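1. here are the coordinates; sequence isn't available:
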């Protein structure tokens, strides 16, 4: 008995004093870093969501930068590949909805959704492809995102976020609104 207690005490003494813990679910990666050097590799998700729009490619490309601007994003157009890109960030709410309705970044150590507590930074990309007819287009939108706390502490939580498809659907809906389609 005395031997097993001594072993437990020795093991406890060898373990770190604070063990960061959080469940991020799925393939999310969580990183807790401090002022010490840390190198981390994470995998991100870029899922493309396709939507049909009843307008020709050229017409959709005309309104797409304005759609991004309406969302508060600065669009970067690449006409040769029919693509518009932007980087953005949302903290707690975006376009009147909770950030967690756009992204699943997992849950923190007390079960709270990370997307509701930390700033989510994202890269949004929309490419317009010809549709099934000359008067239609396929809008392919994808987003890559991660959440990071901005509490000013030396520790930083970083979580890869998975899209719920809401932002991509919002882009498609705004395109249709602008086109009257």
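-> Here it is on my side, so go on. A quick note: this is a predicted structure, and the numbers were derived from the prediction, not measured.

2. hey, what's the residue nearest in space to the middle of the chain bridged with?
-> Among the residues of the chain, the one closest to the centroid is residue 145, at 2.4 Å (C-alpha atoms, centre = their mean). Bridge pairing for residue 145 (DSSP bridges) gives the partners residue 122, residue 161.

3. Residue 135 and residue 56 touch, don't they?
-> Yes - Residue 135 is within contact range of residue 56, at 5.8 Å (criterion: C-beta atoms under 8 Å). No exception for glycine: its C-beta is placed from N, CA and C like everyone else's.

4. between these two, who's got more neighbours?
-> residue 56 (18 against 12; other C-beta atoms under 10 Å).

5. got the residue ranges for the helices in this structure?
-> 2-14, 57-70, 114-117, 166-179 (DSSP state H).

6. which one of the ones you listed is the most hemmed in?
-> Comparing these by mean neighbour count (mean count of other C-beta atoms under 10 Å), helix 114-117 comes out on top with a mean of 23.

7. what distance separates it from the centre of its chain?
-> Distance, stretch centre to chain centre, for helix 114-117: 11 Å (C-alpha atoms, centre = their mean, to the nearest Å).

8. give the contact list for the nearest residue to residue 75 once chain neighbours are set aside.
-> Excluding its sequence neighbours, the residue lying closest to residue 75 (C-beta to C-beta, 6 or more residues apart in numbering) is residue 68, at 3.8 Å. When contacts are counted by C-beta atoms under 8 Å, 6 or more residues apart in numbering, residue 68 touches 74, 75, 84, 86, 124, 126, 171.

9. what are the phi and psi values for the first one?
-> Note on residue 74: its backbone torsions stand at phi -100, psi 110 [degrees, to the nearest 10].
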